[in-house]
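*Asks:* okay, predicted coordinates and the sequence, questions at the end:
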Amino acid sequence: MTPEEAAALFKIYELKRLAREEGIKPPPHRDRRFKRTWADTVYPQLADLEANRAAQAETLTNQVGGLRCDLDRLVHRLDRLVHRLVRAQVRTAERQVENLLGDITRQLVNYGLLSGFILAITALTIAVSQGYLFVRGEDNLIDRALGTDFARPLQPGDALLQYSVTSGFGERRTHTKTGKPYQHQGIDLDTPANTPLYFPLLSGGTVECQRDPGGYGLYAVATPKNAREPELLAGHLLHCADGTYRFGKVFARTGGEPGHPNSGRSTGPHLHWEQQQGDNRVNPTKGYLVQALTGQKVTQHPRKSPGKEITALRRAIIGHESGGDFGAVNPHSGALGYAQLMPANVKAWGREATGKAPTQKEFLSQPDLQLQIIDHKLGQYWREELQATAGDEHTAVLRVASRWYSGNANLYTSTRSQYYRAKNGQHYRYPSIASYSQSVWRKYQQQSGQSL
């Protein structure tokens, strides 16, 4: 057999294989002319098949182009919905984000391109909505999606990235060995062992590693170059390295596993975190801890103004309470100051807002302190009630007013007159909760420049 005949025979066998794959049946005759006749029959069919494939590829290319346009529109919608999270319409926006993901999924399924892209979009959206993802810069999609005041003091139950605060600042505890009560000087975060900690002070500084076998275990003290930044302490560490650090460099890893020689008095893996301003321990803020966990810069300072809604609420409530007198004391209930805080709330709310519990005398003598505490608490109430009402501003204002007046947001429709029993035994009548709440709403509209 000559090389030319072998090549021709191989080509015939290759055509037969292609024909079988494509479902093309050979002609019925099997005489000596079979190979030539069969090849003459198959060649045109394969040419038609190739043309069909080219047409299908062109159609698919057009579909992919249309899909990209659809996805661009959907991602634009996603960006607008993320902005709604900043306006505290969290529940409504999350439902719409879920619907949007469903739209994206259906588009991909329709075009037969459901792949890792949808997984990436889903993971990104979940990370944004839950506050797990950060990127550099103060004005970006992720920062806007979080909508978080990073200077706010941390409270038990707060979510921080993928972790949560398990113990708060100032909690009273009992020493496991001595049985004596003591005050928790920081917060605990449920980080797993070996979580890296990045140097969180923007000015740079030093890290000193020390040991306290009966308490913090292995712990690090981070001291800033700039005295305006706080001193920070991280306890129950697995590893720690002394030295001078720039912002964003790893200086320690978390531990806390019971029985480990570096864990100290720990019942499980976690991070103990303290913040000291001057000579005083203060409630740690989100900003420095987020920087320690991510190594990325985030907004550290609170806004210069509390926001128009909080200012309008404060002014509406003050119109009912003190009339603007920072030194006012209610002769019946003993309520104090500009917003008539109950004496029992002054220390607790002051500690939440400033990290320090003021005395009643300090509270009454410092107007700036009163405004700081009032705006902090009203801001908390406003965010919670706006979320509870899915962004309904009217109902949220009524609920905040009811909560401020009675302690219970759900009573904003109660028309029963309120009575307060003074120390002298007499009962004094006050407006109903519904009347108070509606009056605050009217004043809030006036302060916000809205029409009645």
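*Replies:* Structure received.
*Asks:* in stretch 220-238, what's buried?
*Replies:* By 16 or more other C-beta atoms under 10 Å, the buried positions in stretch 220-238 come out as 220-222, 224, 229-238. Just so you know, the C-beta spots here come from the backbone N, C-alpha and C atoms, and that holds for glycine as well.
*Asks:* quick one: least confident of the residues you listed?
*Replies:* Ranked by pLDDT, the buried residues of stretch 220-238 bottom out at residue 229 (84).
*Asks:* grab the nearest non-local neighbour of it.
*Replies:* Excluding its sequence neighbours, the residue lying closest to residue 229 (C-beta to C-beta, 6 or more residues apart in numbering) is residue 201, at 5.2 Å.
*Asks:* how near is the one you found to residue 238?
*Replies:* 21 Å (C-beta to C-beta, to the nearest Å).
*Asks:* how about residue 290?
*Replies:* For residue 290 relative to residue 238 (C-beta to C-beta), the value is 21 Å.
*Asks:* re earlier: which of the buried residues of stretch 220-238 lies closest to residue 57?
*Replies:* residue 238 (55.6 Å; C-beta to C-beta).
*Asks:* how many residues are close by the closest residue to the closest one other than its chain neighbours?
*Replies:* Sequence neighbours aside, residue 255 is the residue nearest to residue 238 in space, at 3.3 Å (criterion: C-beta to C-beta, 6+ apart). As a burial measure, residue 255 scores 27 neighbours (other C-beta atoms under 10 Å).
*Asks:* repeat that for residue 9.
*Replies:* Neighbours around residue 9, by other C-beta under 10 Å: 12.
*Asks:* that one: which element?
*Replies:* helix 3-22 (DSSP states H and E).
*Asks:* do residue 386 as well
*Replies:* Secondary structure assigned from DSSP H and E places residue 386 in helix 367-388.
*Asks:* what are the buried residues along that helix?
*Replies:* Buried residues in helix 367-388 (16+ other C-beta under 10 Å): 369-386.
*Asks:* hmm, back to that, surely the residue nearest to residue 238 is in contact with residue 237?
*Replies:* Yes - using C-beta atoms under 8 Å, residue 255 makes contact with residue 237 at a distance of 5.3 Å.
*Asks:* which residues do those two both contact?
*Replies:* 217-218, 262 (C-beta atoms under 8 Å, 6 or more residues apart in numbering).
*Asks:* residue 222 falls within a helix, correct?
*Replies:* No - read with DSSP: H, G, I helix; E, B strand; the rest coil, residue 222 is strand and lies in no helix.
*Asks:* distance-wise, check it relative to residue 210.
*Replies:* 12 Å.
*Asks:* in helices only, show me the shared contacts of residue 255 and residue 237.
*Replies:* If you go by DSSP state H, the shared contacts of residue 255 and residue 237 have nothing in helices.
*Asks:* dump these into TSV; add distance to residue 441 as well.
*Replies:* Shown next, in TSV, are the shared contacts of residue 255 and residue 237 (distance: C-beta to C-beta, whole Å):
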residue	distance to residue 441
217	53
218	55
262	56
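*Asks:* could you list which of those residues belong to strands?
*Replies:* Of these, the ones assigned to strands by DSSP state E are 217-218.
*Asks:* thought residue 271 was touching residue 236?
*Replies:* Yes - taking C-beta under 8 Å as the definition, residue 271 is a contact partner of residue 236 at 6.7 Å.
*Asks:* which neighbours do those two have in common?
*Replies:* 254, 256.
*Asks:* return the set of residues that bridge with residue 197.
*Replies:* residue 252 (DSSP bridges).
*Asks:* now the helix or strand hosting residue 71: mean pLDDT?
*Replies:* According to DSSP H and E, residue 71 maps onto helix 34-86. What helix 34-86 shows for mean pLDDT is 68.
*Asks:* how near is residue 424 to residue 416?
*Replies:* Taken as C-beta to C-beta, the span from residue 424 to residue 416 is 23 Å.
*Asks:* helix or strand right after the helix or strand bottoming out on mean pLDDT in the chain?
*Replies:* Lowest on mean pLDDT, DSSP states H and E among the helices and strands of the chain sits helix 141-146, with a mean of 36. Downstream of helix 141-146, the next assigned helix or strand under DSSP H and E is strand 159-160.
*Asks:* so which residues of the stretch 301-450 of the chain form strands?
*Replies:* Counting by DSSP state E, counting those that start in this stretch, one finds strands in the stretch 301-450 of the chain at the ranges 418-421, 427-430.
*Asks:* name the stretch among those that sits most buried.
*Replies:* Among those, strand 418-421 has the highest mean neighbour count (mean count of other C-beta atoms under 10 Å), at a mean of 12.
*Asks:* mind checking how far the residue nearest to residue 291 when sequence neighbours are not counted is from residue 208?
*Replies:* Using C-beta to C-beta, 6+ apart and skipping residues adjacent in sequence, the residue nearest residue 291 is residue 200, 3.8 Å away. Residue 200 sits 15 Å away from residue 208, taking C-beta to C-beta as the criterion.
*Asks:* these two: who's more crowded?
*Replies:* Taking neighbours as other C-beta under 10 Å, residue 200 and residue 208 compare with residue 200 leading, 29 against 12.
*Asks:* residue ranges for the strands of the stretch 151-300 of the chain, please.
*Replies:* 159-160, 163-167, 172-174, 181-183, 187-189, 196-198, 205-212, 217-224, 231-235, 237-240, 243-245, 250-254, 271-277, 280-282.
*Asks:* who does the shortest one pair up with?
*Replies:* When pairing is defined by DSSP bridges, strand 159-160 lines up against strand 163-167 (antiparallel).
*Asks:* kindly report the same for the fourth one.
*Replies:* Paired neighbours of strand 181-183 in the sheet (DSSP bridges): strand 172-174 (antiparallel).
*Asks:* and residue 431, how far is that from residue 413?
*Replies:* 14 Å.
*Asks:* would you agree residue 328 is in contact with residue 337?
*Replies:* Yes - taking contacts as C-beta under 8 Å, residue 328 lies within contact range of residue 337: 6.3 Å.
*Asks:* hmm, back to that, distance check, the residue nearest to residue 238 against residue 161.
*Replies:* To residue 161, residue 255 is 18 Å away according to C-beta to C-beta.
*Asks:* what of residue 281?
*Replies:* Going from residue 281 to residue 161 by C-beta to C-beta gives 24 Å.
*Asks:* the more surrounded of the two?
*Replies:* Under the criterion of other C-beta under 10 Å, the comparison of residue 281 against residue 161 puts residue 281 first, with 21 against 17.
*Asks:* done for today, thanks.
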